[in-house]
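> Predicted structure and sequence below. I'll ask about it afterward.
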Amino acid sequence: MLRTRVITAVVLIAALLPALFFASNMLWAAIILAVSVAAIFEWAELIDLQKSMSVAVAVGSALLGAVLLRLMQKYGFHWLSYQALPIFVVSFMFWLLLAPILLAKRLVIQNKLLLMVIGFLVVVPLSLALIVVKGANAWLLLTLMAAIWVADSAAYFAGKQFGQRKLAPSISPGKTWEGVFGALIGVTLLAAILYGNDWLSNVPVFPLLWLVAVLGVIGDLFESLIKRQFNKKDSGNTLPGHGGILDRIDGLLPSLPIAVLVIYLFNCYQVPS
């Protein structure tokens, strides 16, 4: 299983890096929107929506994505950057106000329409954040994504070696507070390595990466809560050794949109290009 997981990760990175640094903004947006449609379909399947409804939701999402691409082509990337800002605010409110309540109370949501709305709330802001930040600076986007990868890996190894105190045993029994501290140490080391680089010169790199790490834990726990509600181990089987697309991006779902919002609000980086 570990070998399969590593091979899949290598293939994903090999595909990601050329697209990130060499694809045009429009091509990158098209790639992200395609992956987002797949993630929305996966969410619909995760919450046991009827197959016909899952397909309808995916087709509708694809059509809306095509409209967005057309608007980007017509008005330019600069337009998208500012139009996305209110959506990042909504993401902030969901992840920092509503999601913690759902996690703390272990609330079970039965209404499928509401669950589908939540699916859009978690996937759409991430999609827009991936498009916006890449258009501003590919290195900044890679840094934010790398912070989640480092946090996940550090949390896994710290939890495996030192984990004693369970973080949320009824949601995700394997996660520990030691793993969270390991994630924070990991991103702190990453921030120290990257500190002073040009693409981070105006960014409060340490607080930003700490925020990314903590939000990544919330995203991971929230997806675990939904999977536990529907008695599923993984969100899908798209990625060998990793489960589904949502399993791979759960840490990014809250962290990237909110990181972009922080960058906007503090004017520490010119996100629109």
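Received the coordinates, thanks. Since this is a predicted model, take the numbers as computed values, not measurements. Residues are numbered from 1 along each chain as shown.

> for the longest strand seen in the chain, what is the average pLDDT?
Ranked by number of residues, the top strand in the chain under DSSP state E is strand 172-176. Model confidence over strand 172-176 averages 87 on the pLDDT scale.

> same check, this time on stretch 152-162
On average, stretch 152-162 scores 89.

> Give me the residues contacting it.
174-176, 178-183, 185-187, 216-217, 220, 251 (C-beta atoms under 8 Å, 6 or more residues apart in numbering). All C-beta atoms are positioned from the backbone trio N, CA, C, and that covers glycine.

> for that stretch, the distance to its chain's centre please.
The gap between where stretch 152-162 is centred and where its chain is centred comes out at 20 Å by C-alpha atoms, centre = their mean, to the nearest Å.

> swap in stretch 181-191?
18 Å.

> Could you pull out the strands in this protein for me?
Per DSSP E, the chain has strands spanning 166-168, 172-176. These are given in chain order.

> Next, format those strands as CSV and append distance to A158 and mean neighbour count.
Written out in CSV, the entries for the strands of the chain read as follows (distance: least, C-beta to C-beta, whole Å; neighbours: other C-beta atoms under 10 Å):
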stretch, distance to A158, mean neighbour count
strand 166-168, 12, 18
strand 172-176, 8, 17
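
> Would you mind giving the ones you listed as a markdown table with distance to V132 added?
A markdown table is the format used below for the strands of the chain (distance: least, C-beta to C-beta, whole Å):
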| stretch | distance to V132 |
| --- | --- |
| strand 166-168 | 31 |
| strand 172-176 | 30 |
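
> got the contact list for Q229?
Neighbouring residues of Q229 by C-beta under 8 Å, 6+ apart: 108-109.

> Look up how far A154 lies from it.
Taking C-beta to C-beta, to the nearest Å as the measure, Q229 and A154 are separated by 28 Å.

> that older thread, if you count contacts, what does the longest strand of the chain end up packed against?
For strand 172-176, the contact count by 3 or more C-beta pairs under 8 Å, 6 or more residues apart in numbering; DSSP states H and E identifies helix 138-162, strand 166-168, helix 205-229 as packing neighbours.

> Just name the most buried of those.
When the helices and strands packed on strand 172-176 are scored by mean count of other C-beta atoms under 10 Å, the highest mean neighbour count falls to helix 205-229 (a mean of 22).

> now the angle from it to strand 172-176?
160 degrees (axes from the mean of the first three to the mean of the last three C-alpha atoms, to 10 degrees).

> picking that back up, now for the contacts of stretch 152-162, which pair is the farthest apart?
With distances taken as C-beta to C-beta, the most widely separated pair in those is G174 and V187, at 20.1 Å.

> Neighbours of K233, how many?
The local packing count at K233 equals 8, with neighbours defined by other C-beta atoms under 10 Å.

> Next: F181.
A total of 16 residues lie near F181 under the criterion other C-beta under 10 Å.

> ditto for the one 4 residues further on
As a burial measure, I185 scores 16 neighbours (other C-beta under 10 Å).

> same question, the one 5 residues further on
Per other C-beta under 10 Å, the neighbour tally for L190 reads 22.

> so it makes contact with M145?
No - under the criterion of C-beta atoms under 8 Å, L190 is not in contact with M145, lying 11.3 Å apart.

> Where does pLDDT dip in the chain?
Within the chain, the ranges that satisfy pLDDT under 70 run 1-3, 5, 198-199, 201-202, 239-242, 266-273.

> Out of the strands of the chain, flag the one nearest A136.
Closest approach to A136 among the strands of the chain (C-beta to C-beta): strand 172-176, 32.6 Å.

> Okay, now the sheet partners of the closest one, with direction.
For strand 172-176, the paired strands and their directions (DSSP bridges) are strand 166-168 (antiparallel).

> Run through the helices of this structure in chain order.
With DSSP state H as the definition, the chain shows helices at residue ranges 2-22, 25-46, 51-75, 77-83, 85-93, 99-105, 112-136, 138-162, 177-194, 205-229, 245-249, 252-265.

> now the fourth one, how far from the centre of its chain.
Right, the one you point to is helix 77-83. With C-alpha atoms, centre = their mean as the basis, helix 77-83 stands 20 Å off its chain's centre.

> So which bits of that helix are buried?
Neighbour-count burial for helix 77-83, with 16 or more other C-beta atoms under 10 Å as criterion, is recorded at 77, 80-81.

> if you skip the residues just before and after it, what's nearest to G251?
In space, and not counting its chain neighbours, G251 is closest to G216: 3.4 Å by C-beta to C-beta, 6 or more residues apart in numbering.
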